[in-house]
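**Student:** structure for the following, please:
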Amino acid sequence: MASLYESPKLLGEYLLLHYGGERELRHEALPVDRAITDAPFPVRCVRELLDPSLLTPDATAFEAGCSVGASAFELARTCLRVEASDYSDSFIRAAKRLQLEGSHHGERLLEGGITEAFQANVPAEIDRSRISFSVQDATALPAAMGPYDVVLAANLICRLPDPEAFLSRLPGLVKQGGQLLLTTPFTWLEEYTPKANWIGGVDSDRRSEAELTRRLDGMFRLHRRVELPFLIREHARKYQLGIALGTTWVRL
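**Tutor:** Numbering: from 1, shown residues only. You can find the predicted model right below:
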């Protein structure tokens with residue numbers, strides 16, 4: 001699966017998703033609300049799901065599937081230490097460069113083989129030293145990890161070969177009273193997840209949200225539920241529009 005996320009084309013798309021603004025993302029005729037592009041989707045995941053009132057000054061966080069790092073940097077605004085990992089070497093190299101230099105040169109596709117340079121930037125006020133990035137498999141995290149005050153997994157579950165292996169680790173990763181932040185559009189595809197491992201999505205009696213809730217109930221309490229639209233720009237005239245379910249869970 002890692003090879004699917006190692007191409008320069010996908011790196012450019014995800015740098016745009018994480019750090020692009022109005023100028024970099026929008027075509028003048030794009031028929032979507034500007035709120036979708038006002039702040040990058042990974043930043044909105046943290047802002048709309050994290051409840052700062054539940055955090056202590058020395059709060060710690062872990063993000064699984066951090067991609068190129070924007071949500072990890074956003075977590076560092078309120079968490080003293082943030083560990084972030086992804087399965088893609090390419091994404092983690094980019095995240096580490098952004099941490100070291102505060103910026104990263106990216107290429108956005110215009111059409112065919114024509115690209116245009118853009119600059120991905122971490123907001124200057126964020127303390128980048130609070131974060132550590134690593135390459136890890138979210139379905140095989142070390143047993144000694146955690147627990148954390150915050151665990152984030154944004155649009156990860158339906159891209160794992162074995163979502164259950166990740167979900168079963170969550171009670172041990174989140175401190176009692178800590179927050180679990182999840183977003184997912186439930187886009188089940190057999191190229192990522194064998195159908196036998198889908199969390200719902202197989203028949204009308206097993207819808208994905210209900211199946212996810214069933215797996216978390218008893219160990220977590222639902223604290224917040226929001227709809228989170230996101231936009232992936234493939235080139236100047238082609239976009240993917242998705243709507244992720246965003247949930248915040250408190251560890252019991």
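**Student:** and stretch 143-151, what's buried?
**Tutor:** Buried residues in stretch 143-151, defined by neighbour count with 16 or more other CB atoms under 10 Å: 145-146, 148-151. Quick note: C-beta positions are derived from backbone N, CA and C, even for glycine.
**Student:** let me redo that: stretch 123-130
**Tutor:** 126, 128, 130.
**Student:** what's the answer for stretch 100-111, then?
**Tutor:** Quick answer for stretch 100-111 (16+ other CB under 10 Å): 104, 106-109.
**Student:** go on, stretch 190-197?
**Tutor:** Thr193.
**Student:** quick check: end-to-end length of that stretch?
**Tutor:** For stretch 190-197, the first and last residues are 9 Å from each other (CA to CA, to the nearest Å).
**Student:** what are the contacting residues of that stretch?
**Tutor:** 1, 4, 158-164, 188, 202 (CB atoms under 8 Å, 6 or more residues apart in numbering).
**Student:** any idea how far it is from the chain center?
**Tutor:** Here stretch 190-197 is found 20 Å from its chain centre; the criterion is CA atoms, centre = their mean, to the nearest Å.
**Student:** again, but for stretch 101-121
**Tutor:** 20 Å.
**Student:** and the end-to-end length of it?
**Tutor:** 9 Å.
**Student:** now for the helix or strand containing Phe62, which elements pack on it?
**Tutor:** Using DSSP states H and E, the element containing Phe62 is strand 60-64. With contacts defined as 3 or more CB pairs under 8 Å, 6 or more residues apart in numbering; DSSP states H and E, the secondary structure elements packing on strand 60-64 are helix 70-75, strand 81-86, strand 148-154.
**Student:** then the worst-scoring helix or strand of the chain on mean pLDDT to PDB, C-alphas only?
**Tutor:** Every helix and strand of the chain was ranked by mean pLDDT, DSSP states H and E. The lowest is helix 22-25, at a mean of 86. Listed next in PDB are the C-alpha coordinates belonging to helix 22-25 (Å, rounded to 0.1, in the frame of the first residue of the first chain):
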ATOM      1  CA  GLU A  22      -7.700  30.100  -1.900                       C
ATOM      2  CA  ARG A  23      -5.100  31.100  -4.500                       C
ATOM      3  CA  GLU A  24      -3.500  27.600  -4.800                       C
ATOM      4  CA  LEU A  25      -6.700  25.600  -4.600                       C
END
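**Student:** which element follows it toward the C-terminus?
**Tutor:** Following helix 22-25 toward the C-terminus (DSSP H and E): helix 35-38.
**Student:** avg pLDDT for that next one?
**Tutor:** For helix 35-38, mean pLDDT rounds to 88.
**Student:** send me that helix as CSV with only the CA atoms.
**Tutor:** The C-alpha trace of helix 35-38 is given here as CSV (Å, rounded to 0.1, in the frame of the first residue of the first chain):
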residue,chain,number,x,y,z
ALA,A,35,-15.4,27.8,3.8
ILE,A,36,-14.0,24.5,2.4
THR,A,37,-10.8,26.3,1.2
ASP,A,38,-10.5,29.1,3.7
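**Student:** dump the helices and strands packed on strand 60-64 to CSV, plus mean pLDDT.
**Tutor:** Compiled in CSV, the helices and strands packed on strand 60-64 are given as follows (pLDDT from 0 to 100):
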stretch, mean pLDDT
helix 70-75, 98
strand 81-86, 98
strand 148-154, 98
